[in-house]
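Colleague: Fold the following for me, if possible:
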Amino acid sequence: MRTLSLDTSLAKNYKSNSQKIRVMTEAWVQSEIFCPNCGAEIQEYENNRPVSDFFCDNCREDYELKSKKDSLGLKIVDGAFSTMIERLNSQNNPNFFFLNYDKITFDIQNFVIIPKHFFVPNIIEKRNPLAQTAKRAGWVGCNILLNKIPESGKIFYVKNGEIETRENVLKNWKRTLFLREKPVKFKGWTLEVMKCLDRLGKQEFLLDEVYAFDQLLAALYPENKHIKDKIRQQLQILRDNDYLEFIGRGRYRLK
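Modeller: Have a look, this model is predicted:
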């Protein structure tokens, strides 16, 4: 990565702030960002493509870019709620690039990718319909709730102005690819247990420490009467997919 600065000269022929940011951020991404799946260069699609902004010509991964000034925050504004929900179960659901920049210096503060296999319905928040006086009266948008995504689903290229190594980006991407094989409706439990492990905040932990989240998980899945059995099952899935390892006597270690 050669620069964290947006090229403001690219925006001089545009009047709309949103157009200026779009041109600058898209140019920066194409110049500086590589495909996290294979490491190849990424290409920009033609304008107004309905699903994606970028693609990798080598491995055919698709990426959509969302940008905002200041901090990333807890949520990212997205498009139509109905369209997003449809895309969660489709074959053309892209991965998401999220970029935030300093509104004064136009320097990149954070650039993160959320792999598409982390997108499940409970991270999508339905917004209120637009007022009847609005141009698109009744239109319903959505927000992407970043705080509902496990930390391993947030793969940073740039974090708080610091550039992550290429090796770590590629490694962190591969770490959770096993989730892509699971249908959306079966991923919820795995993702919730991963978030519980995030809350523990340590590399090694005990099974009993994960059991301590049983009430939280029971509230999320009230129909399930065997929460601890389900926790053990999910830890087994994470172990079998090399996300963590069992080191004996009820103790686990994240990889």
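Colleague: how does this protein divide into domains?
Modeller: Per the record, the chain has its domains at 8-70+82-120+146-173, 185-254, by automatic domain parsing.
Colleague: Format those as TSV; extra columns: mean pLDDT and distance to Trp139.
Modeller: Quick note: C-beta positions are derived from backbone N, CA and C, even for glycine. As requested, the domains of the chain are arranged in TSV below (pLDDT from 0 to 100; distance: least, C-beta to C-beta, whole Å):
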stretch	mean pLDDT	distance to Trp139
domain 8-70+82-120+146-173	91	10
domain 185-254	95	27
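Colleague: got these as a markdown table, with distance to Arg136 columns?
Modeller: Below are the domains of the chain laid out as a markdown table (distance: least, C-beta to C-beta, whole Å):
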| stretch | distance to Arg136 |
| --- | --- |
| domain 8-70+82-120+146-173 | 13 |
| domain 185-254 | 31 |
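Colleague: so which of those gets nearest Ile76?
Modeller: Evaluated over the domains of the chain, closeness to Ile76 peaks at domain 8-70+82-120+146-173, with 5.2 Å, by C-beta to C-beta.
Colleague: Compare the domains of the chain and give me the one nearest Arg2.
Modeller: The nearest among the domains of the chain, by C-beta to C-beta, is domain 8-70+82-120+146-173 at 6.6 Å.
Colleague: Which among the domains of the chain is found nearest to Met1?
Modeller: From the domains of the chain, taking C-beta to C-beta, the stretch that ends up closest is domain 8-70+82-120+146-173, at 5.1 Å.
Colleague: What's the end-to-end length of the closest one?
Modeller: End-to-end distance for domain 8-70+82-120+146-173: 31 Å, by C-alpha to C-alpha, to the nearest Å.
Colleague: Excluding sequence neighbours, find me the nearest residue to the residue nearest the centre of the chain.
Modeller: Central residue check for the chain by C-alpha atoms, centre = their mean: the C-alpha nearest the mean position is that of Ile114, 2.2 Å away. Nearest non-adjacent residue to Ile114, counting by C-beta to C-beta, 6 or more residues apart in numbering: Phe96, 4.6 Å away.
Colleague: Tally up the residues packed near that neighbour, please.
Modeller: When neighbours are defined as other C-beta atoms under 10 Å, Phe96 has 21 of them.
Colleague: tell me which element it is part of?
Modeller: Applying DSSP states H and E as the criterion places Phe96 in strand 95-101.
Colleague: Kindly format the C-alpha coordinates of that strand as CSV.
Modeller: This file holds the C-alpha atoms of strand 95-101, laid out as CSV (Å, rounded to 0.1, in the frame of the first residue of the first chain):
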residue,chain,number,x,y,z
ASN,A,95,-18.4,-9.0,0.0
PHE,A,96,-18.4,-5.5,1.5
PHE,A,97,-15.5,-3.0,1.7
PHE,A,98,-16.1,-0.4,4.4
LEU,A,99,-13.9,2.8,4.2
ASN,A,100,-13.8,5.8,6.5
TYR,A,101,-11.8,8.9,6.0
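Colleague: re the thing from before, now the residue nearest to Ile114: how far from Gly79?
Modeller: 12 Å (C-beta to C-beta, to the nearest Å).
Colleague: swap in Asp70?
Modeller: Taken as C-beta to C-beta, the span from Asp70 to Gly79 is 21 Å.
Colleague: do the same with Glu164
Modeller: From Glu164 across to Gly79, the span is 28 Å (C-beta to C-beta).
Colleague: next one: Lys135
Modeller: In terms of C-beta to C-beta, Lys135 sits 15 Å off from Gly79.
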